[in-house]
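Visitor: below are the sequence and a predicted model for it; my questions follow.
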Amino acid sequence: MMTNLFSSFDPTSNIFNIPMNWLSTLLGMLILPSSYWLIPNRSSLMWNLLINKLYNEFKTLLVGNKNMGSSFMFISVFSIILFNNFLGLFPYIFTSSSHLTFTLSLALPFWLSFMLYGWINNTQHMFAHLVPQGTPPILMPFMVCIETISNIIRPLTLAVRLAANMIAGHLLLTLLGNTGPMIMNSAILIQILILSQILLLILELAVSIIQSYVFAVLTTLYSSEVN
């Protein structure tokens with residue numbers, strides 16, 4: 001029983017006997033945007049510019065205004081792959097994007113969801129998509145088989161393309177790095193090796209960006225085909 005009408009306002013909250021009396025005063029700060037706390041720097045401005053460019057490009061690939069929000073999903077996929085590709089270029093860091101376990105876990109759910117959505121909601125369009133326009137009648141059975149096979153192997157091609165490109169660059173870097181102890185007696189060969197390693201690392205930086213972009217763009221194109 002309350003002895004005082006105003007005793008209901010007493011700060012007596014606790015979690016595991018830890019006083020949390022004034023925590024509610026700070027909860028309002030959680031809903032403030034991050035830009036309130038962070039001063040925009042060059043990296044954040046560059047990242048925002050990249051996201052806006054990707055959004056404008058993915059928006060043109062998607063069909064219909066109802067799919068405009070999907071572009072943020074593909075931007076997130078691009079960011080995840082780009083982040084993992086960049087991390088893999090540092091020494092002693094596991095390159096997850098060079099393994100089919102990672103790439104298939106991204107490609108397969110996307111492809112499966114697109115196929116289920118297309119065949120359930122746009123069945124006639126999906127059947128029409130199996131035969132390209134202008135195909136001679138005698139070639140229609142073959143085109144159906146070819147288009148069906150190409151649709152089935154799409155997640156595998158997406159996954160293998162990303163994994164193979166990341167593996168190839170890392171293998172070249174490793175093979176060149178292993179030749180270092182063999183040519184320690186030649187200063188000219190060491191300089192050539194270091195220069196080639198730097199150039200190859202720059203190439204791998206470009207490949208990591210290009211492959212994440214290709215994965216996101218192809219996924220966007222596959223989603224636009226089912227509408």
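Guide: Here it is on my side, so go on.

Visitor: the longest helix along the chain packs against which elements?
Guide: For the chain, the longest helix by residue count, based on DSSP state H, is helix 187-225. Helices and strands touching helix 187-225, by 3 or more Cβ pairs under 8 Å, 6 or more residues apart in numbering; DSSP states H and E, are helix 42-61, helix 70-87, helix 100-121, helix 154-178. Every C-beta, even on glycine, is put in place using the N, C-alpha and C of the backbone.

Visitor: just want the angle from it to helix 154-178.
Guide: On the basis of axes from the mean of the first three to the mean of the last three Cα atoms, to 10 degrees, helix 187-225 is oriented at 170 degrees to helix 154-178.

Visitor: so what's the gap between helix 187-225 and the chain middle?
Guide: Counting by Cα atoms, centre = their mean, to the nearest Å, helix 187-225 is centred 15 Å from the centre of its parent chain.

Visitor: P181: neighbour count?
Guide: Number of residues near P181 (other Cβ atoms under 10 Å) recorded here: 7.

Visitor: do the one 5 residues further on as well
Guide: A total of 11 residues lie near S186 under the criterion other Cβ under 10 Å.

Visitor: over to it: give its phi and psi.
Guide: Main-chain dihedrals, S186, degrees, to the nearest 10: phi -110, psi 110.

Visitor: SS state for V131?
Guide: Under the three-state scheme (DSSP: H, G, I helix; E, B strand; the rest coil), the conformation of V131 reads as coil.

Visitor: surely it meets I146?
Guide: No - the pair V131 / I146 is not scored as a contact, 10.2 Å apart, by Cβ atoms under 8 Å.

Visitor: now list whatever residues contact both of these two.
Guide: With contacts defined as Cβ atoms under 8 Å, 6 or more residues apart in numbering, no residue is shared by V131 and I146.

Visitor: mind checking how far the nearest residue to A216 once chain neighbours are set aside is from L104?
Guide: The shortest distance from A216 to any residue other than its chain neighbours is 3.9 Å, reached at F78 (Cβ to Cβ, 6 or more residues apart in numbering). F78 sits 18 Å away from L104 when distances are taken as Cβ to Cβ, to the nearest Å.

Visitor: between the two, tell me which one has more neighbours.
Guide: F78 (23 against 18).

Visitor: and the pLDDT at the more buried one?
Guide: Looking at F78, its pLDDT reads 90.

Visitor: W22 now?
Guide: 62.

Visitor: low-confidence ranges in the chain?
Guide: Low-confidence segments of the chain (pLDDT under 70): 1-28, 35, 63-69.

Visitor: mind running it again at 50?
Guide: 1 (pLDDT under 50).

Visitor: can you report how many residues lie near T123?
Guide: Neighbours around T123, by other Cβ under 10 Å: 10.

Visitor: and what of V207?
Guide: 17.

Visitor: ok, now which ones touch it?
Guide: Applying Cβ under 8 Å, 6+ apart, the residues contacting V207 are 85, 165-166, 169.
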